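**Student:** this one's structure only:
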């Protein structure tokens, strides 16, 4: 099995697993009305990070259409500097996601996530040919919210992302398949 076929198989498995759990949402027991993941509540999230030659910031918004099921939208900006090669990479990522919280453990809430994204990728500098392109991707994964106050959470999520139709000549060897993780903060109202 080739690397590409293996990655596609992992992505397909994660997507099917996420879809199966999301379909089971209609049979889930109701969360208490005071639960942060109960129908009618919403979330606002913010995250970011810094490295020696990189930075990222992101924000998101979601709304619980039924108990435990939250569609939402997320935006993330990333910058990566390659000093040795004298070029920079900029990424703007807009995502639509669906999170499912199967049960409520009060302070800890596990969830499954499915996500579709549009990424605008730009590389420019002395060491590369300037390039700008748009890519589409899909992600399947899982995460956990840990509430450190009644409506304030720390969010940790991991998943497998696949980018579709990536040109082979992008300077930093852009991977079609990536294991990703995110750490951020959320407010639930």
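**Tutor:** In hand now; what should we look at? Quantities reported herein were computed from a predicted structural model and do not represent experimental measurements.

**Student:** ok, and the closest non-adjacent residue to residue 157?
**Tutor:** Excluding its sequence neighbours, the residue lying closest to residue 157 (Cβ to Cβ, 6 or more residues apart in numbering) is residue 143, at 3.2 Å. No exception for glycine: its C-beta is placed from N, CA and C like everyone else's.

**Student:** Just the buried positions in the helix or strand harbouring that neighbour, please.
**Tutor:** Residue 143 is part of strand 131-147 when elements are defined by DSSP states H and E. For strand 131-147, a neighbour-count test (16 or more other Cβ atoms under 10 Å) marks 135, 137, 138, 139, 140, 141, 142, 143, 144, 145, 147 as buried.

**Student:** And those residues, which is closest to residue 102?
**Tutor:** Comparing the buried residues of strand 131-147 against residue 102 with Cβ to Cβ places residue 142 closest, at 10.5 Å.

**Student:** Can you check the pLDDT for that closest one?
**Tutor:** We have a pLDDT of 97 for residue 142.

**Student:** Hmm, it is touching residue 109, no?
**Tutor:** No - Residue 142 is beyond contact range of residue 109, at 11.6 Å (criterion: Cβ atoms under 8 Å).

**Student:** and after the host helix or strand of residue 155, which helix or strand comes next?
**Tutor:** Secondary structure from DSSP H and E places residue 155 in strand 152-164. Where DSSP H and E defines the elements, the next helix or strand beyond strand 152-164 is strand 177-188.

**Student:** what packs against that following strand?
**Tutor:** helix 3-23, strand 42-51, strand 131-147, strand 152-164 (3 or more Cβ pairs under 8 Å, 6 or more residues apart in numbering; DSSP states H and E).

**Student:** do that again at 6 Å, thanks
**Tutor:** If you count contacts as 3 or more Cβ pairs under 6 Å, 6 or more residues apart in numbering; DSSP states H and E, strand 177-188 packs onto strand 42-51, strand 152-164.

**Student:** From the chain's centroid, how far away is it?
**Tutor:** Counting by Cα atoms, centre = their mean, to the nearest Å, strand 177-188 is centred 6 Å from the centre of its parent chain.

**Student:** winner for burial among the helices and strands packed on strand 177-188?
**Tutor:** strand 152-164 (a mean of 18; mean count of other Cβ atoms under 10 Å).

**Student:** what are the bridge partners for the closest residue to residue 60 other than its chain neighbours, then?
**Tutor:** Leaving out its chain neighbours, the residue that sits closest to residue 60 by Cβ to Cβ, 6+ apart is residue 74, at 3.7 Å. Note on residue 74: beta-bridge partners by DSSP bridges are residue 60, residue 95.

**Student:** I'd assumed residue 59 was in contact with residue 74.
**Tutor:** No - between residue 74 and residue 59 there is no contact under Cβ atoms under 6 Å: 7.2 Å.

**Student:** what about the residue nearest to residue 134 when sequence neighbours are not counted, neighbour count?
**Tutor:** Nearest in space to residue 134, with sequence neighbours left out and distances taken as Cβ to Cβ, 6+ apart, is residue 120 at 5.3 Å. Using other Cβ atoms under 10 Å, residue 120 has 14 neighbouring residues.
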